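Asks: Using only what follows, build the 3D model:
(2 chains)
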Amino acid sequence: MKRGISGFAFFLFLLPSLGAFEWPVEQRILIATFGEYRWDDFLPGIDIGGGRQEVRPSEKGEIIYIHEEKSGLAFLPSGLGNYLVLEHERGLRTLYAHLEADSLLYENVQVEPQNIIGRVGSSGMSQGLYLHFQVLDREMNQLVNPLLILPPLRDMTRPVLEQVWLQKNRTRTPLAEQSTMASGTYNLLLSVYDPSGNGHYTRFMNPHKIQVFINGEQLSSISFESLRYEEGSMFLVQSENVTSQLLYTSDGLLNMGTFQLTVGDSIVEIIVEDFSRNRVTKDFRIRVTG
Amino acid sequence: MNKKIRFFLFMVFLLVILVFFGSGIDKEMVYRPVWTIDWESGPIRQDEGALLLPYVRDDILGYFDSEGGIYYREKILHGAAVHSTGFINYSRLSDTLVFRNTGGEIVESLDLRGYPFFIKDRLLVFSGNGRRIGEYTLRGEEIWSRSFGSLITSLAEGEGCLFVGLINGSLVLLSDEGKEIYTTQPVGSRIQAIYGCAMTPGAEKLAVVSGLDPQTLLFFERRNDTYKMEEMFRFPEPVRHSVFMAFSEDGRYLVTASDSRTFLYSFEEGALRDFGKGEMLKGVSLEAEGSLSVFLMERKEDHRCIVMDLEGSFRDDIAFPEELNFLMRNENTLFTGFGKKLVRVDLEAR
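Replies: Below you'll find the model as predicted:
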């Protein structure tokens, strides 16, 4: 799998917007992160728990679309339930989904961050009370990870690289710090998460970036920063041609790419970083036999 | 006064109004109530090969025949995709889709996730994130599916194609194999978004409500393999939610409806007619035969079934005692739901 386009340029593009956006709810408990595996696609936003609470615009903007479940003849079913879409300056749009029925703001279309635009509910496909929040960069036609533009959450905990496997012909071999493997072509699979144990997260999250090096050469690099649609599929922007079907195995492991092990010694280096730049690095030494 | 007596009096009143006063409005037309059934308490009949018609209102689905027999009824879990041969009654999470026949028996458990609905005989499923749509067989096999970079706000079906409106302001026409055959993005508005779309049955004409500031009603006509914009109107009352839009079968008229305004566009007159201000459209039949259309309109204070000539010559109201929730028309037979009841009214020309 060929990867490696840095998301840094994109991040710089967004920099003028940073600082203007606020969290849309008072209680900020992240329960799902951008780019997580969702059946056959990436999660294109974040889910914020914290109970039934008021929702405010993330930035000054204009309500451009209101969707209410079972709202007459024009109704189209949606897993997002009751939702609002706001347009902001600089071509950014934000979406607030799974809102409580009858809580959506209709009167004012020009809204300020202090205005209440709805209440957190559990409409649509939500499995509890939480807000699904998305950021769309309309100019670049990309969905952006909201954690890139929202004020950072305090997080001192490093991500966890739980397990690494080499897979060949559907057989997975867990990798220890020192391993011996037969030569051949392998897929590198990771179980990795960000526990961020500070009360802001209730379960394991996707980290921000993952890099894999084989003998000092980069095998792959993924960043959960933005998504784009092309030819009817959704791709991670910072990773060339990576769809959710390519990135995730059916049991939710990350597939970091295919590489060749030749006879001799090899070193696999894996670096995982979260949004607060907490980082974990692990090296795996592999003796490769014929 | 108990409910039965009240209902009997209402039916007598309806009969009197229709027979004696209806002729004053349209001398050629008589409205004849045939039967009324109660969906909550009516007996269930065994299916003996009768032609069954689907019935769906807010919280219940079922099947009935033109003689007033009820053949099946079931509470809707969250939503229902209903077809003449069966239905899918799905939960809010919609993680198990089961197609059942008109008697409620399981036909197929579909290995699909999402929100299903039928357009004519086509089973379509929206993904949970609102950005993907696919078409499937009744065995759950994918015919095609397609993701979009933006939320889907509106859909319209024409012969062999599907017209998709997106919140980023794009319009995409898909073939019956899911291939993109035409795409456009109307410009000229400060905010770009598609709020509604409709297509004539033969896919010759497209109508779109697009953008904000200004919000426009656009008409496109097919030219060989592409569409060309023919007319543009400023939409009289801008909306920020999806608009209902439907063409008459002959393509001569278009109805658009939002919360409290309904407009009728006549291609011959080239004009939009404001129709039913302050009323919510709950059902519409724009069939071409006899140019007779039927609208179910709700106001705060009353519930009306309006039968009108599309040319605008006649307009007649039938008042109902409860909220209107269903409309089906089969030539000159109307099936209208109000409250928990369903009434058959025959429209007879004399």
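Asks: what about A:Tyr193, distance to A:Glu36?
Replies: Taking C-beta to C-beta, to the nearest Å as the measure, A:Tyr193 falls 10 Å from A:Glu36. (Glycine included, C-beta is placed from N, CA and C.)
Asks: Could you name every residue contacting both of those two?
Replies: A:Asn206 (C-beta atoms under 8 Å, 6 or more residues apart in numbering or on different chains).
Asks: Contact residues of the stretch 151-300 of chain B facing chain A?
Replies: B:151-155, B:167-168, B:178, B:191, B:193, B:195-196, B:212, B:240-245, B:257-259, B:280-284 (C-beta under 8 Å from any C-beta of the partner chain).
Asks: isn't there a helix covering B:Met11?
Replies: Yes - assessed with DSSP: H, G, I helix; E, B strand; the rest coil, B:Met11 lies in a helix.
Asks: tally of neighbours for the residue lying closest to it once chain neighbours are set aside?
Replies: The shortest distance from B:Met11 to any non-neighbouring residue, by C-beta to C-beta, 6 or more residues apart in numbering or on different chains, is to B:Pro33 (6.3 Å). B:Pro33 is flanked by 18 other residues according to other C-beta atoms under 10 Å in any protein chain shown.
Asks: quick one: B:Pro33 and B:Val343 touch, right?
Replies: Yes - with contacts counted by C-beta atoms under 8 Å, B:Pro33 reaches B:Val343, the gap being 6.1 Å.
Asks: Please read off the pLDDT at residue 195 from the model.
Replies: Just going to use chain A. At A:Pro195, the predicted lDDT confidence score is 78.
Asks: my bad, the chain I had in mind was chain B
Replies: Looking at B:Tyr195, the pLDDT reads 96.
Asks: Let me see the contact set for it.
Replies: A:Tyr65, B:Thr153, B:Ser154, B:Gly165, B:Val209, B:Ser210, B:Gln215, B:Val239, B:Arg240, B:His241, B:Ser242, B:Val243.
Asks: how about the helices in the stretch 251-350 of chain B?
Replies: Secondary structure of the stretch 251-350 of chain B (DSSP state H, counting those that start in this stretch): no helices located.
Asks: mind checking how far the closest residue to A:Asn241 other than its chain neighbours is from A:Leu247?
Replies: Leaving aside its chain neighbours, A:Asn241 sits nearest to A:Phe235 (6.5 Å; criterion: C-beta to C-beta, 6+ apart). Per C-beta to C-beta, A:Phe235 is found 10 Å from A:Leu247.
Asks: okay, and the common contacts of the two?
Replies: By C-beta under 8 Å, 6+ apart, no residue touches both A:Phe235 and A:Leu247.
Asks: can you pull out the strands in the stretch 51-200 of chain A?
Replies: Along the stretch 51-200 of chain A, counting by DSSP state E, counting those that start in this stretch, strands occupy A:54-55, A:61-67, A:82-87, A:92-99, A:110-111, A:118-119, A:131-137, A:142-144, A:160-168, A:171-174, A:178-182, A:184-193.
Asks: Show me what the fifth one is packed up against.
Replies: I take that to be strand A:110-111. Judged by 3 or more C-beta pairs under 8 Å, 6 or more residues apart in numbering or on different chains; DSSP states H and E, strand A:110-111 is in contact with strand A:61-67.
Asks: same thing with the second one?
Replies: If you count contacts as 3+ C-beta pairs under 8 Å, 6+ apart, strand A:61-67 packs onto strand A:82-87, strand A:110-111, strand B:191-199.
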